[in-house]
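Enquirer: next comes the sequence, and after it the predicted model I'd like to discuss.
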Amino acid sequence: MPNTVRPGAFTSRRAPGSRRSGAGLSVDQRGLRNRWGLALMITLLVLVVGRLAVLQGVDGAAYANAAEQDRLRTYPIAALRGAVLDRDGNPFAYTVAASRVVADPTVVSHPARTARELGPLIDVPEAELAEKLSQDDRYVVLAAQVSPETTDAIDALELPGISFEDDPVRLYPAGTVGGQVIGFVGRDGEGLAGIEQTFQDELAGTDGHRRVEVGSGGNPIPSGIDESTPATDGDTVTLTVDQDLQYVTEQRLGEACSDGATTRASAVVLDVHTGQVMAMGSCPGYDPGNYSKTDPNLLGNPVVSDVFEPGSVMKAVTLSAALEEGVATPDTVLSVNGHIAAGDRVVTDAHDHAPIEWTVTGILAKSSNVGTIMLAREVGDEKLEHYLRAFGLGDTTGIELPGESAGILEDSADWTASRAANVPIGQGVSVTTLQMASIYQTIANDGVRIEPRIVESVTGPGGRVTEAPEPESTRVISQSTADRMAYMLEAVVGRDGTAPLGEIEGFRVAGKTGTAQRANPECNCYEGGGYVTTFVGFAPADDPQYVVAVDLERPTSEAEGGQVAAPVFADIMRYALTADGVVPSGTPRPDFVLTGTP
Amino acid sequence: MTGRATARVPSRSTAPSARTTTGTTRTTRSGTRSTPRPTPRPELRLVPGVPTTRPRRRPTSALRHKRAPYVLLVVGLLVGTTLALLVLNTVIAVDSLKATQLRAENAERAQEVQRLEQQVVSGSTPAEVARAAVAAGLVPAGPAAYLVIEPDGSVLRGTPEPAPAPGDAEGGD
């Protein structure tokens, strides 16, 4: 059977070509078929052409874009944060380029070997690296802020799956010097304190990016797209601070802090004629480069944010008011008792004494509370408050630093009898070290107060310099009052005054001591609070150049400002004068009449 | 096709075709051609008018000679363009590689500058200068004196003090 071929098995049932010729269809049917066929063909053609048009014309750009995106790699270019410089251009803070080492574990072929080679270079334990490199992830950060030299070394190993990203490092070369003024930057690049915080917008800059067309292996195509939007580096902020003076100031405060009794010491140096801050610091300070390991309570700037009752240094304001209002002259003699009743309290001098015939100069030189209160009562509460506010108390100075305190000064209308007796001698009123310095800047500058400022200029990346706006300057007391105040304040530093230790060889010094009871933060009372000892002064008294304000917090000591704060003042002032080449006073110190007959 | 009305009309098709207009009589069912046409087909004749197709001219050898430079020109242009493109691409690629190399060198220089600047900065901070000064045996200067010619003839202002011996100096300021 298999071998039999049936006849007709290979003969076509239809005549050759019959299908094509439409055999078996009528002419009408054939026409119909042709028309339908044509319609079908046209429909299909329209569909195809339409789809093509949609792909090429309507969606074309999007598809081309998607294809390009597939070949394009975008790398961020980190902007370098601007530097913070001192007045001579020495950097307090600046940023250098560094890299973050990242890995794509899916590309890393030998995690163990890679970890062994990489570990010593980036100082990460091998086991930790190996574990990271074995993760089922496409992006793992292995090390941050790696120096360019290390990056080159890693690059030379040609390890697959390891790459780098920009990760600049903020450096504070001066360490703790100026740390509280400069502040620091958090992990996310946000300034969190000091100038870094105030000038965040100027310092930050704008990140850029680079887009490169790469082949399948991830290597750039030589003639392909390679376009960069360069990063705009941050502006440079130039301060009015002198780094050397800042260093000396902090060294001296550090010494003061290590005397066993001082828990906090602050100082500020102002230029008399411009109100510019030449140095500002406190101990204990901190290193901005190491802020994360510092007690968070120490990360502020006490010179502008901590307030204290200034004590006798405030008498300069009371006496300025008395002179300006014509209540007294430096030679007016008052019979001053050892104590004076003030409401329900009795205020005494440092040591109670029988009535003494003191001149107003004598009252200041001996720092008599009673004499000052007598003069304040002549001036009147309302007038006294006016002068206190004119000297900048109870309001922020507007310095370019965050967290500035306005201090505490109640309205004179709310003063009780005892408060009215306390305010003229610097109790019941709180100030910052900076406000205290500003009072004496006003007296030293012939009675014109210039708001203290710490920023000199901001320089853009192109070199365009924007000078800081002129600070507000206001006349608080007349020049003659200022001159007479300077004369009286010089008596304080003399042999018979309260601060002979404030003297500087060759220079005439004017200043005032202060020893105020410190509020005990535990009970909000004066019990066990110890003292805040202060000294504020300017030199040379006959041609003032600098104001230095010093305050020491001494909870366990009864020493007075003239004993502990004045020497700190003298050391800082001596350096400021010597370094600036200020010629010693050519005139001798005048003789002061401290007592007289009424 | 429609003209061949008498030819092999299938037996199934019984309906008369509307287009069989050449014959007046219908063929019998048997479909044989035995019956002669009663009227003869009209004779074909030439209609004067525009010829539908131009007779193709056979290329002569003269023409072939004329075409040769043209072909050469086209081929030359093609080859030339290709070569030029190749050269251009190569040059661009070389430049691009050179640019990449220069960029890398530039980055290296920048790194070097950054490293050196860092050294200078860290060496010139007040603390470092003070340390180096003490190490070199220097002592902090005491109060300075100035020479100023006064109206009374004296020239010295200030009280100069001899500096302490290096070992005695305390602190760095």
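Expert: Looks like it came in fine.
Enquirer: CA atoms for contacts and neighbours, from now on please.
Expert: OK.
Enquirer: for chain A, what is the nearest residue in chain B?
Expert: Closest contact between chain B and chain A, by CA to the nearest CA, is at B:Gly158 (4.5 Å).
Enquirer: what residues does chain A have near chain B?
Expert: A:90-91, A:96, A:148, A:173-174, A:222-223, A:243-244, A:247-248, A:251, A:505-507, A:574, A:578, A:583-586 (CA under 8 Å from any CA of the partner chain).
Enquirer: show me the domain layout of chain A.
Expert: With domains defined by automatic domain parsing, chain A comprises A:73-95+A:172-239, A:243-580.
Enquirer: redo those as a markdown table? Include distance to A:Ala115.
Expert: Shown next, in a markdown table, are the domains of chain A (distance: least, CA to CA, whole Å):
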| stretch | distance to A:Ala115 |
| --- | --- |
| domain A:73-95+A:172-239 | 23 |
| domain A:243-580 | 28 |
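Enquirer: the residue of chain B closest to chain A: what's it in contact with?
Expert: Neighbouring residues of B:Gly158 by CA atoms under 8 Å, 6 or more residues apart in numbering or on different chains: A:Glu505, A:Gly506, A:Phe507, A:Pro584, A:Ser585, B:Pro143, B:Ala144, B:Ala145, B:Tyr146.
Enquirer: switch those over to TSV; also include neighbour count, pLDDT and secondary structure.
Expert: Below are the contacts of B:Gly158 laid out as TSV (neighbours: other CA atoms under 10 Å in any protein chain shown; pLDDT from 0 to 100; DSSP: H, G, I helix; E, B strand; the rest coil):
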residue	neighbour count	pLDDT	secondary structure
A:Glu505	17	83	coil
A:Gly506	21	83	coil
A:Phe507	24	88	strand
A:Pro584	25	84	coil
A:Ser585	19	77	coil
B:Pro143	19	73	coil
B:Ala144	20	74	coil
B:Ala145	18	78	coil
B:Tyr146	15	81	strand
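Enquirer: which single one of the residues you listed is nearest to B:Arg103?
Expert: B:Ala144 (53.5 Å; CA to CA).
Enquirer: those helices in chain B, which residues are they?
Expert: Taking DSSP state H, the helices of chain B run over residues B:61-123, B:126-135.
Enquirer: average pLDDT for the one helix or strand A:Asn34 maps to?
Expert: Taking DSSP states H and E as the criterion, A:Asn34 maps to helix A:27-53. For helix A:27-53, mean pLDDT is 92.
Enquirer: ok, now stretch A:541-553?
Expert: In this model, stretch A:541-553 has a mean pLDDT of 94.
Enquirer: send the alpha carbons of that stretch over as CSV?
Expert: Output in CSV follows, covering the C-alpha atoms of stretch A:541-553 (Å, rounded to 0.1, in the frame of the first residue of the first chain):
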residue,chain,number,x,y,z
ALA,A,541,42.6,107.7,77.0
ASP,A,542,43.8,110.8,75.2
ASP,A,543,43.2,109.4,71.7
PRO,A,544,41.1,106.2,72.1
GLN,A,545,41.7,103.5,69.5
TYR,A,546,40.3,100.3,71.1
VAL,A,547,37.6,99.3,73.5
VAL,A,548,38.1,96.0,75.4
ALA,A,549,35.3,94.5,77.5
VAL,A,550,36.0,91.6,79.7
ASP,A,551,33.6,89.7,82.0
LEU,A,552,34.3,86.7,84.1
GLU,A,553,31.7,84.4,85.7
